[in-house]
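K.L.:
predicted structure and sequence below. I'll ask about it afterward.
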Amino acid sequence: MKYSIFSIATGLAALALAAQAQGTEHSKIFAALAMTKAQESSPIPTDSGVFLYDAQADDWHRTGPVIQAINSIATDPSDPERIFLACGNGIVRSMDGGETWRMTSGWRESDFTKIAVDPVDGGNVYAASVWGVSVSRDGGASWKPANKGLAEKYSRTIIVDERKPKRLLLGTADGIYQSNDGANTWKPIRTSPKLVILRIARSEADLDLWIAGTEGQGVYISRDDGKKWVRTAEALSENNIYAVAVDPFDAANMAAAGWGTGVWVSSDSGESWSKRGEGLPSQNVTSMTFDPNQSGRLWVSTFEEGTVYSDQQGDNWQSGGLMGAYVYDLGMIPVK
Amino acid sequence: MRLRTRNLKSRILPLLLAAGLLPHGLRAETPETFVSDAELAIQFRERCEYVIDQVVERTDPTNTKRGGMFTVAANLHRGTNLEWARAHIREANENPTGAMFWMHPMVLMMESGRGVLYEEDWAFIQELWRTYFPYRGDTENHWIMYYASIYLASEMFPEAGPEQWYNGKSSAVNMAEAKEYISDWIRITTSYGQGEYDSPNYIEEYTRPMALLAGWAQDPVVRQQGKMMMDYILLDYVVESLDGLYGGAHSRLYPRYLLQPSLTAGAAHGWLFFNQGEYRANAGNTLIALSGYTPPPILYRIAHGRADEAYVHRELKRTRWRLRNAGPDAFEIDGKSTTPVYKYSYVHPDYILGSSQGGLLQPIQQQTWSLIWREDDHSGKTNTMFGLQPYSSPFEGTMYFGADWDTVTDLIARSKVDYDSPDKLEGGSPYEHVFQDESTLIALYDIPEGTRFPLISTLFSRDLKNREEDESGWIFGQGGSVYVAYFPFAPGEWKEVDWTGLLKSGAGAWFSTNFEELARGSQCLVSESLKNGYIVEVAAASDYASYEAFKSAIRDLPIEYKLEPTPTVTFTNLSGKSLSATYGGSLSVNGARIDPTKWKLFDGPYSKAERESEMLEIRFGQERYSLDFKTLTTETTILEVE
């Protein structure tokens, strides 16, 4: 652990560091997935839902209802009892830590990919979907479209800027868009590549550092808080990159992965990259995250061949379970 | 419904006959065949009862693990095998699955079980609705089945609170949401055309939910919506049907049904609604038979009374919603992208030749054009011809599905196992453009280098007899009482229809069983020329003195075509019309350009509907039956006799 990062670590990373010091977990790894490998005679996966990793049991436990096509999960940073599921059916919300659930969206909303909650005002909830953005001003009880300014509505990822919660970054089929007014209007970021943005991640240790995975043009990075984006990891410049992650304990450590690429890591903030594919059960990676409770641990989900983790920058992969799963999103959520 | 009769002259003759008021010499004549409305209703009800009889008779009351909710519903309706039914409801629902395909049979069972099932049965059923969270799906048929089902289920328990439903919404909220969706689906369908249009397979995925609403909705608005949409869907089918077989271009078809049109749900509906073809067990028919829905007699009259003359029927449909790669022709409806589909069918007493314009109009299972012909007995017959460019690409997959570029093709092929096969028999292609005028069809192809399956394929079925490859370049054949001529622009090879490579477990077996029965003996003409095309010319055998006379007439037809740089053809057909078409362009007939962009939703002798009208006028003879979905009224009017 590099103790110097204590001075710049914020948000979840700070929580995680404090928790690690106390030996308690304040966030958990989640996997939003469908069990597709055994799916033969039907378009319906054999199982699906959101699973949380129990470090003590070294196992995954379901949270939330069994619904086909849950693509992601988010919690309110200021109240982790408020949980949101991004589903094919719409938005499903729990207000009591997962005891009860309600589908709060209606027939006009569907096929959500990612949800982001305003860390200051939990009444503002934002959801990306393949049909565009939906916004809630009442804590997720009701939703309305928020697509003004978008050239392409198809959206895969959305992030609230925790320093300026009215600012959001959205990954669309036309590149990265930004809103400075809580999703009322959107504008394209000029330096963003004009193509499908599959994943955006932000460093918890250095909030000016962002990284994005694209469909067909590899990895882009921004070191000035999302204003200017440049290509990084040249070896991946023609790949579909489904997974990007930055170490919450050390912003210099980051990783990118996609279809057929294995895992690529950088330990110098994206200046140089090296492949860490050996030992992976598959080179087809769909999702990835650094562990907020274990410094340096990188979790990687491969397409249907299981989830693995490494404590050595991608060397020496260990089995993490979820064999047969198609993990749409792997990340961390605060827990109470 | 209002009945407004303007003129009763046409009814006077039968009345006089019935009253015995004609001169003595005429009294001994047999009346002309006329099936009265009364007789139609009786006959339809008899077929419905037969359907229910068959389901009940097939019930095995000793096996509580098998049957299904359609069978349970039929038994509950008849009051038979009740203990089996109650046990089977429990056994079949130990681990609910299937989403909307679980929901709508459950609702049918529940509606049929009113007053029959016990309190503990209802408690069990309600617990299922509390705990099983069905997926709403990703297609139009999924959504309408989902919302019709949750509407009716909620209506049965109007006071149920949010804690009693899987989605945490009260019955009142569920009903309001479902009602809004159903109304919106009807508005879009009757304004812009159905997205999952004219599928001989999936027709029942629409008639099932509509019949549920027509039969059991307590809200008279929803009930009327169900009835009127049943009429609408059946009209859409009957004007392009031949003895119950659904002709023309289709949004979705499975290969086994492509090869034997008599096996489709559409054909099963043809028997139930119009007494055409043979009875086949069909779950949709079971539901409809139980629902009490009765089709308006005019549909039967169209099915049976239009046998004398051929007609052109045009339709405007639309593609499924496109979530990306929408393309230049796309337009938005309420924020979602779609693209027009222009359907053209030539409906002849002996055959139907129909087409859409080509391109990627539907994911996976599109049939861009087809010919079906009349046989004395359709059963077991591959009385069809069609062509395709077997396209498979994540470009298409991600256009219509939210899955990732690298996984979408694989995931599609988990259930649609032939999607990624060069031997497949269905699917649209961006490199296929089709043009049609009456009994002449022109298909042109311009396939880029590097395309996954760089070939085109045309089915010549085993029931297209007397096939001959003529020195003129034409290929001739005879199907039933129809002559077919096919002129390829590039050479090809004959290849047996072969899906045996797909006959593996799981989806392959489900998709492809009965290969010997369905496909053996049929061949495809496969051409690997990237720039390509062909002409199909069809004629009734009765129009020619002999097969030789037909072939001779065809040989005399002038054809000019070139494939470079762009496939182009000018052809004079058997009717003497000069047809010109260019890949990427439009069709000209006798020098006049055909512009389909102004086509109506329905435009033919038996139906008219303007775009965005939310209305449909069904026509037969003097009779006009109008559906107005804005006011939810129907009206029958009778025109003056000229």
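P.N.:
Ah, there it is.
K.L.:
contact partners for the residue of the stretch 101-250 of chain A found nearest chain B?
P.N.:
Nearest residue of the stretch 101-250 of chain A to chain B: A:Arg102, at 2.9 Å (CB to the nearest CB). Where C-beta positions appear, they are placed from N, C-alpha and C, glycine not excepted. With contact set as CB atoms under 8 Å, 6 or more residues apart in numbering or on different chains, A:Arg102 has these partners: A:92-94, B:162, B:167-169.
K.L.:
pull out the buried positions in stretch B:550-560.
P.N.:
The neighbour-count check on stretch B:550-560 (16 or more other CB atoms under 10 Å in any protein chain shown) flags B:550-551, B:553-554, B:557 as buried.
K.L.:
sort out for me which of those are in helices.
P.N.:
Counting by DSSP state H, the buried residues of stretch B:550-560 place B:550-551, B:553-554 in helices.
K.L.:
spatially central residue in chain A, please.
P.N.:
By CA atoms, centre = their mean, the mean C-alpha position of chain A lies nearest to A:Gly331, the distance being 5.3 Å.
K.L.:
check the secondary structure at it for me.
P.N.:
At A:Gly331, secondary structure determined by DSSP: H, G, I helix; E, B strand; the rest coil is strand.
K.L.:
go ahead and confirm it touches A:Phe30.
P.N.:
Yes - between A:Gly331 and A:Phe30 a contact is recorded at 6.0 Å, counting by CB atoms under 8 Å.
K.L.:
who in the stretch 1-150 of chain B is up against chain A?
P.N.:
B:97-99, B:133, B:135-138, B:143, B:147 (CB under 8 Å from any CB of the partner chain).
K.L.:
what's the PyMOL syntax to select whichever of these are buried?
P.N.:
Selection of the buried residues among the residues of the stretch 1-150 of chain B next to chain A in PyMOL, burial being defined by 16+ other CB under 10 Å:
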select buried, chain B and resi 99+133+135+136+137+138+143+147
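K.L.:
export the residues of the stretch 1-150 of chain B next to chain A to TSV and tack on secondary structure, pLDDT and distance to B:Met109?
P.N.:
Below are the residues of the stretch 1-150 of chain B next to chain A laid out as TSV (DSSP: H, G, I helix; E, B strand; the rest coil; pLDDT from 0 to 100; distance: CB to CB, whole Å):
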residue	secondary structure	pLDDT	distance to B:Met109
B:Thr97	coil	92	16
B:Gly98	coil	93	14
B:Ala99	coil	95	16
B:Phe133	coil	96	20
B:Tyr135	coil	96	20
B:Arg136	coil	96	21
B:Gly137	coil	94	20
B:Asp138	coil	92	25
B:Trp143	helix	98	21
B:Tyr147	helix	98	18
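K.L.:
closest to chain A out of the ones in helices among the buried residues of stretch B:550-560?
P.N.:
Chain A lies nearest to B:Ile554 out of those, by CB to the nearest CB, at 44.8 Å.
K.L.:
nearest spatial neighbour of that closest one, skipping sequence neighbours?
P.N.:
Nearest non-adjacent residue to B:Ile554, counting by CB to CB, 6 or more residues apart in numbering or on different chains: B:Ala485, 4.5 Å away.
K.L.:
buried set for the host helix or strand of B:Glu46?
P.N.:
B:Glu46 belongs to helix B:37-58 when assigned by DSSP states H and E. The neighbour-count check on helix B:37-58 (16+ other CB under 10 Å) flags B:40, B:44, B:47-48, B:51-52, B:54-56 as buried.
K.L.:
can you check stretch B:436-450 too?
P.N.:
So stretch B:436-450, judged by 16+ other CB under 10 Å, has buried residues B:436-447.
K.L.:
ditto for stretch A:100-118
P.N.:
In stretch A:100-118, counting by 16+ other CB under 10 Å, buried: A:101-118.
K.L.:
repeat that for stretch B:368-375.
P.N.:
Result for stretch B:368-375 [16+ other CB under 10 Å]: buried residues B:368-375.
K.L.:
list of residues touching it?
P.N.:
Around stretch B:368-375, the neighbours that count as contacts under CB under 8 Å, 6+ apart are B:242-243, B:245, B:247-250, B:261, B:349-356, B:358, B:361, B:381, B:383-388, B:428-429, B:432, B:434, B:436, B:441, B:443, B:463, B:479-482, B:484, B:536, B:538.
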